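Trainee: Requesting a structural model of the entry that follows:
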Amino acid sequence: MSERKKITFALLGFGKLGQGFYKAWMKKKEKIREQTGFELILKRILVKNEHFKRPKEIDKKVFTTDINVILKDRTLKVAIDAIGDIEPTFSIIKKIISRKINIISANRVLLATKMHQLSDLANENEIHFLTEPSLGGGIPVSDILQRDLIANKITELHGIVSGVSNFLLNKMTDNQVSLQSVLRDPDIPKMAESISIVDYEGSDAAMKVAILAATAFGIDISYLHIYAEGISSISLQDIRWADQFGYEIKLLAIMRDHSDCFEARVHPALVRKDHAMISVKGEYNAYYIKTDLLGEYMVYGLGVGTSPTSSLILRDLVEVGNRIYNNPRRQRFQFNWNNKRVLDINEIRTSYYLRFPCVDRPGVMGEVTTIIGTHKINITSAHAETGKYNGKIVGYVHIFLGNTEESEIKAAIEEIKKLQLVQGDIKFFRILEDE
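Mentor: Below is the predicted model:
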């Protein structure tokens, strides 16, 4: 058996994730000790209310509401942030870093807004600052980006980063039902550390994009400044039409590193059925990475739940132990910050699909394509057919557009809306394409 080495830690927060991690730690700590020689010792759990009813098997003395108890503990090596929110957590974490206590953060919203400040503070105090659990799930994508692909230039990263949204879209697609019907599924509240509208309206995915933009590309951007569009407006009709044309709808996070700017966005997109991303089902996430040396590379795994996230936290506790005991020389992943401008959504270029109901008469397609032509947009294919809209038989126009700046697409749509032939909302989707 390896020589036993102690890794003492404090757990900040005891909500759903904190409790899930505690159970995983209790279950796995002996196996980890046998395999690695590291004894993972929980010293304190920071909570808001010390007298809140908690599992009886946990010693009440381990709980504290006083951050100073943690700050004064000179034996403490690691603090795990499972609190969530920005404040008071930001102030707490700054104090802990200043005490030279290593940080493992599962706090997505904090890192998605304060990553630059926290990483700089960590470097100033020469502590280990591990952020991967904040992405949720159990995919070790940060390690892959920062270590395994260190020799590569990463030009693009796109992925399914919301297990909740992916689950909802798969249910809609497989069962041919509306989003409202799927949201009544009793399994949904069991999936994430917490569940709310942000999980399927794009905000949660935007937080992950902000963290990945820093990790992979050195882009300092708050998630609040990332274009994020969720799935609440996707109808069963959208899913059926996409299927008819050989696509499936996925909520994607897309990042592209251009020579003089950076692209970061979250939105539903049409993905061809032969793309590897189509195989990502249910609560699973995937990251599709394009590099100069390795080519195209994809990682896949559970994207939600306390167990996958706890897996990464336990791994990071062992990682901190290895750095402290086996490699005393400071190892720190550098965030190579750069000042590239992040494109506004209206500046991005991609392919598009448009659909709208119209009067069923000759000449409709000609009027629409004339407007599109004035904006110098290439039409790759166009289709017209009849269908139902609000109970009435109407014509439907389907148009696929080549690589175009989004501002031109939106300008053309505004002109098309003014035509009397349009009988309802114009839906448009961006299409995932290779650059």
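Trainee: least trustworthy helix or strand in this protein by mean pLDDT?
Mentor: Least confident helix or strand, the chain: strand 379-389 with a mean of 84, by mean pLDDT, DSSP states H and E.
Trainee: now L401: how far from V177?
Mentor: Computed as CB to CB, to the nearest Å, the L401 to V177 distance reads 30 Å. C-betas here are computed from N, CA, C, even on glycine.
Trainee: and T386, what is it in contact with?
Mentor: 360, 393-396 (CB atoms under 8 Å, 6 or more residues apart in numbering).
Trainee: ok, back up a step: out of L401 and V177, which sits in the busier spot?
Mentor: Ranked by neighbour count (other CB atoms under 10 Å), L401 and V177 place L401 first, with 23 against 15.
Trainee: Not counting residues beside it along the chain, what's closest to the more buried one?
Mentor: Y352 (4.5 Å; CB to CB, 6 or more residues apart in numbering).
Trainee: May I have the phi/psi pair for the one you found?
Mentor: Here is the backbone geometry of Y352 (degrees, to the nearest 10): phi -140, psi 160.
Trainee: Can you tell me who it pairs with across the strands?
Mentor: Y352 has these beta-bridge partners by DSSP bridges: L401, R430.
Trainee: In JSON lines: the contacts of T386, plus distance to G13 and pLDDT.
Mentor: Output for the contacts of T386, formatted as JSON lines (distance: CB to CB, whole Å; pLDDT from 0 to 100):
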{"residue": "D360", "distance to G13": "59", "pLDDT": "82"}
{"residue": "I393", "distance to G13": "57", "pLDDT": "80"}
{"residue": "V394", "distance to G13": "53", "pLDDT": "82"}
{"residue": "G395", "distance to G13": "56", "pLDDT": "85"}
{"residue": "Y396", "distance to G13": "51", "pLDDT": "88"}
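Trainee: hmm, which two among the residues you listed are most spread apart?
Mentor: Greatest spatial distance in the contacts of T386: I393 and Y396, 10.3 Å, computed using CB to CB.
Trainee: what's the overlap in contacts for these two?
Mentor: Joint contacts of I393 and Y396 (CB under 8 Å, 6+ apart) are 386-387.
Trainee: So which of the two has more stuff around it?
Mentor: Using other CB under 10 Å, the more surrounded residue of I393 and Y396 is Y396, with 20 against 10.
Trainee: Pretty sure the more buried one sits against M365.
Mentor: No - in this structure Y396 lies outside contact range of M365 using CB atoms under 8 Å: 11.1 Å.
Trainee: shared neighbours of these two, anything?
Mentor: In contact with both Y396 and M365: A384, using CB under 8 Å, 6+ apart.
Trainee: Helices along this structure, start to end?
Mentor: Taking DSSP state H, the helices of the chain run over residues 16-36, 67-71, 89-98, 108-124, 141-143, 163-175, 179-182, 203-212, 236-244, 306-321, 364-374, 406-417.
Trainee: Indicate which one of those is closest to K53.
Mentor: Across the helices of the chain, closest to K53 is helix 16-36 (CB to CB), at 12.4 Å.
Trainee: just the angle between that closest one and helix 306-321, please?
Mentor: Angle, helix 16-36 to helix 306-321, by axes from the mean of the first three to the mean of the last three CA atoms, to 10 degrees: 50 degrees.
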